[in-house]
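Enquirer: no sequence for this one, just the structure:
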């Protein structure tokens, strides 16, 4: 029993500060992630960005910042994080390439919603197709051709 107690104290002395620091980083990081998410949400709402984009962008910012917090916590435990970051980067690149066409359409839809070059009810000529705009969505815009 004495050997077990001594080994527990030894482990606590050796790894205790890292565990405490990691918990502090995690708690502060999660709080900061929530604050950043709410700040982005409020800023987008105040800037009158389309209501469809506000939750999407705020969640993406939250998860991106949460990823950084997790990497910092793992680094505090002495885990090599460069390989994790490289794998995450490769995964993002693979998903980006796989969704290249869809992401292009998504970006165009976001640009249409943010910059509002035309609105529902306007008559437009887009690439040789003319018509009245029925709906503007993130992935497509519907025209009623005449």
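Expert: That came through fine. Since this is a predicted model, take the numbers as computed values, not measurements. Numbers count the residues shown, from 1 in each chain.
Enquirer: elements contacting the helix or strand of the chain with the lowest mean pLDDT?
Expert: Sorting the helices and strands of the chain by mean pLDDT, DSSP states H and E puts helix 100-115 at the bottom, at a mean of 82. For helix 100-115, the packing partners by 3 or more C-beta pairs under 8 Å, 6 or more residues apart in numbering; DSSP states H and E come out as helix 53-76, strand 129-136. Using the backbone N, CA and C atoms, a C-beta is placed for each residue, glycine as well.
Enquirer: tell me the angle that helix makes with strand 129-136.
Expert: For helix 100-115 against strand 129-136, the angle by axes from the mean of the first three to the mean of the last three C-alpha atoms, to 10 degrees is 80 degrees.
Enquirer: Can you list the buried residues in helix 100-115?
Expert: Neighbour counts over helix 100-115 (16 or more other C-beta atoms under 10 Å) mark 109-110, 112-113 as buried.
Enquirer: now, which of the residues you listed sits nearest residue 31?
Expert: residue 110 (29.3 Å; C-beta to C-beta).
Enquirer: Please produce TSV containing the helices and strands packed on helix 100-115, extended by distance to residue 97, mean neighbour count and mean pLDDT.
Expert: Shown next, in TSV, are the helices and strands packed on helix 100-115 (distance: least, C-beta to C-beta, whole Å; neighbours: other C-beta atoms under 10 Å; pLDDT from 0 to 100):
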stretch	distance to residue 97	mean neighbour count	mean pLDDT
helix 53-76	19	15	90
strand 129-136	27	13	87
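Enquirer: Format those as JSON lines; extra columns: distance to residue 94.
Expert: Listed next are the helices and strands packed on helix 100-115 as JSON lines, based on distance: least, C-beta to C-beta, whole Å:
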{"stretch": "helix 53-76", "distance to residue 94": "16"}
{"stretch": "strand 129-136", "distance to residue 94": "31"}
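Enquirer: how close does the residue nearest in space to the middle of the chain get to residue 129?
Expert: Nearest to the geometric centre of the chain sits residue 60, at 1.9 Å (C-alpha atoms, centre = their mean). According to C-beta to C-beta, to the nearest Å, residue 60 stands 32 Å off from residue 129.
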